[in-house]
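Engineer: coordinates only, no sequence provided:
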């Protein structure tokens, strides 16, 4: 595997379910990101981890819970979601979160549908 | 007001046409400007990266930044059907770590 991988690619869940999204990067990067992409809206940054430490939480509801056990893996735990949470969830990584225009590399995303 | 404005399209052009994609932004402090291309069912991939004002060319692609007008452009020459995708502009503040994206423009190049 190369680049940034995400599993599952598609997920359908009910509002009472609990599920997790997984992201893995094979680039040796130290920063990882979760984004939400909805139709007709810009990408929304959700969380940032830099060297396994969470550095940003962009006012995301607590029904989304991130976890970063090491610099290569990032999870997004989902519980009691709402239909409006249906979207494409993208993971990205960069060398580090240095704030000087780091290039971010994206995974293919998980298409989530909440019924 | 959105920080970054981008016409979502859709934009449809014939093969071989010159395509112009544009974004405007409100924060004059933005310094790093990027264009990402996103094919259907894929994540965005970095296409062009420019710092501050000026032009940058890479093959059929040219990125322009006009900081005085707070306007950036991506030109595609001799467009091909394989260029059909959504193009996202994005920009960084010099001191921040957050990429701010435009909404994306959906482009179709017809053979």
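Structural biologist: Thanks, I have it. Just so it is clear, the model here is predicted, and its values are computed rather than measured.

Engineer: is the least confident helix or strand in chain A by mean pLDDT anywhere near chain B?
Structural biologist: Lowest mean confidence among the helices and strands of chain A (mean pLDDT, DSSP states H and E): strand A:53-57, at a mean of 86. Yes: on the criterion Cβ under 8 Å from any Cβ of the partner chain, strand A:53-57 is in touch with chain B at A:55, A:56. Every C-beta, even on glycine, is put in place using the N, C-alpha and C of the backbone.

Engineer: show me what that strand packs onto, helices and strands only.
Structural biologist: For strand A:53-57, the contact count by 3 or more Cβ pairs under 8 Å, 6 or more residues apart in numbering or on different chains; DSSP states H and E identifies strand A:44-50, strand A:64-70 as packing neighbours.

Engineer: chain B is nearest to which of the ones you listed?
Structural biologist: Of all these, strand A:44-50 sits nearest to chain B, with 5.9 Å by Cβ to the nearest Cβ.

Engineer: is that closest one anywhere near chain B?
Structural biologist: Yes: contact between strand A:44-50 and chain B, assessed by Cβ under 8 Å from any Cβ, occurs at A:45, A:48.

Engineer: contact partners for the residue nearest the centre of chain A?
Structural biologist: Closest residue to the average C-alpha location of chain A: residue A:34 at 2.7 Å, with Cα atoms, centre = their mean. Applying Cβ atoms under 8 Å, 6 or more residues apart in numbering or on different chains, we find residue A:34 in contact with A:23, A:45, A:46, A:47, A:66, A:74, A:76, A:89, A:90, A:91.

Engineer: just give me the neighbour total for the third one.
Structural biologist: The tally of other residues near residue A:46 (other Cβ atoms under 10 Å in any protein chain shown) stands at 20.

Engineer: how close does it get to residue A:32?
Structural biologist: As for residue A:46, its distance to residue A:32 is 11 Å (criterion: Cβ to Cβ, to the nearest Å).

Engineer: ok, back up a step: the residue nearest to the centre of chain A pairs with what?
Structural biologist: residue A:47, residue A:91 (DSSP bridges).

Engineer: per-residue pLDDT, it?
Structural biologist: Residue A:34 carries a pLDDT value of 96.

Engineer: what parts of chain A come near chain B?
Structural biologist: Going by Cβ under 8 Å from any Cβ, the residues of chain A near chain B are A:4, A:6, A:40-43, A:45, A:48, A:55-56, A:90, A:92, A:97-109.

Engineer: which of the residues you listed are buried?
Structural biologist: Neighbour counting by 16 or more other Cβ atoms under 10 Å in any protein chain shown classes A:4, A:6, A:42-43, A:45, A:48, A:56, A:90, A:92, A:97, A:101-102, A:104-109 among the residues of chain A next to chain B as buried.

Engineer: any weak-confidence spans in the chain?
Structural biologist: Assuming you mean chain A. A:1, A:98-101 (pLDDT under 70).

Engineer: try chain B instead
Structural biologist: For chain B, the stretches with pLDDT under 70 are B:94-97.

Engineer: which residues in it form helices?
Structural biologist: With DSSP state H as the definition, chain B shows no helices.

Engineer: cool, chain A as well?
Structural biologist: With DSSP H as the criterion, chain A has no helices.

Engineer: how about the helices and strands packed on strand A:53-57 in TSV, adding distance to residue B:77?
Structural biologist: Formatted as TSV, the helices and strands packed on strand A:53-57 follow (distance: least, Cβ to Cβ, whole Å):
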stretch	distance to residue B:77
strand A:44-50	33
strand A:64-70	42
